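Engineer: predicted model follows, preceded by the sequence.
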Amino acid sequence: MKNRLTRGRPALTLFAVAAAAGMFAFVSNSSALIGEESANGHGTLPAVNEDGKTVKRQFSFSARRDTDGTVKGQAVLHNPAFEGANGAPYQLKVDITCMKVYGNIAVFGGTTKRTNDPNPVDSVYFSVQDNGEPGKDRDKISRVFFFDDDPLTTGDPQLCLLTGPVDFPLETIQSGNIQVRGTL
């Protein structure tokens, strides 16, 4: 998987191991109630740009599981610490089609809908944690990870179901709020 919030490129091996281990966990958790899960939020995280200045990464997302089990949602990321191909701050819009809720943590999978970086047109994965009110300095979000660097593969957003609640490192948000609602 490739991380686009920084220039680093984490190995796909981590995701493959998590996916293999998660297959067994998914089978045992498939009896969860459907139709009550949702997550949404917005906020900022500090980042350092190439000039050494601290800038604010901004994010927003909203996703909901319908009564038929399908997940629908969107996520938007604006990261001035990284430039897209057009020289403007990196932007990413994601259609969320996968969500797995573990208590106050939600893991998402989706596909790139729009970006100003032509390289990562791929499946996108991230997670969030709701730590109560207020969200500022309490709630957390992970960086965005892409399936791989191969333009011939796009990955499957449904792989988020095989991802555990701690597979993506979380960072405390500087401002904003995150809400995760699991099944009752």
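Structural biologist: In hand now; what should we look at?

Engineer: contacts for stretch 74-83?
Structural biologist: 4-7, 47-50, 55-63, 89-96, 108, 110, 113, 124, 126, 144 (C-beta atoms under 8 Å, 6 or more residues apart in numbering). Quick note: C-beta positions are derived from backbone N, CA and C, even for glycine.

Engineer: residues near Phe145, how many?
Structural biologist: For Phe145, the neighbour count with other C-beta atoms under 10 Å is 25.

Engineer: surely it is in contact with Ser127?
Structural biologist: No. Applying C-beta atoms under 8 Å as the test, Phe145 and Ser127 come out as separate, 9.5 Å apart.

Engineer: for these two, list the residues in contact with both.
Structural biologist: With contacts taken as C-beta under 8 Å, 6+ apart, Phe145 and Ser127 have Phe168 as neighbours in common.

Engineer: now, the contacts of stretch 74-83 that are in strands?
Structural biologist: The members of the contacts of stretch 74-83 that map onto strands under DSSP state E are 47-48, 55-63, 89-96, 108, 110, 113, 124, 126.

Engineer: report the buried members of those residues.
Structural biologist: 47, 55, 57-59, 61-63, 89-92, 94-96, 108, 110, 124, 126 (16 or more other C-beta atoms under 10 Å).

Engineer: tell me the bridge partners for the residue most central in space within the chain.
Structural biologist: In the chain, the residue lying closest to the centroid (C-alpha atoms, centre = their mean) is Phe126, at 1.9 Å. When assigned by DSSP bridges, Phe126 has beta-bridge partners Phe108.

Engineer: pull out the buried positions in stretch 170-178.
Structural biologist: Within stretch 170-178, the residues that count as buried by 16+ other C-beta under 10 Å are 170-173, 176-178.

Engineer: show me the shaky parts of the chain.
Structural biologist: Flagging of the chain using pLDDT under 70 yields the residue ranges 1-35, 120, 149, 151, 184.

Engineer: residue farthest from the centroid of it?
Structural biologist: Furthest out from the centre of the chain (C-alpha atoms, centre = their mean) sits Asp51, at 26.5 Å.
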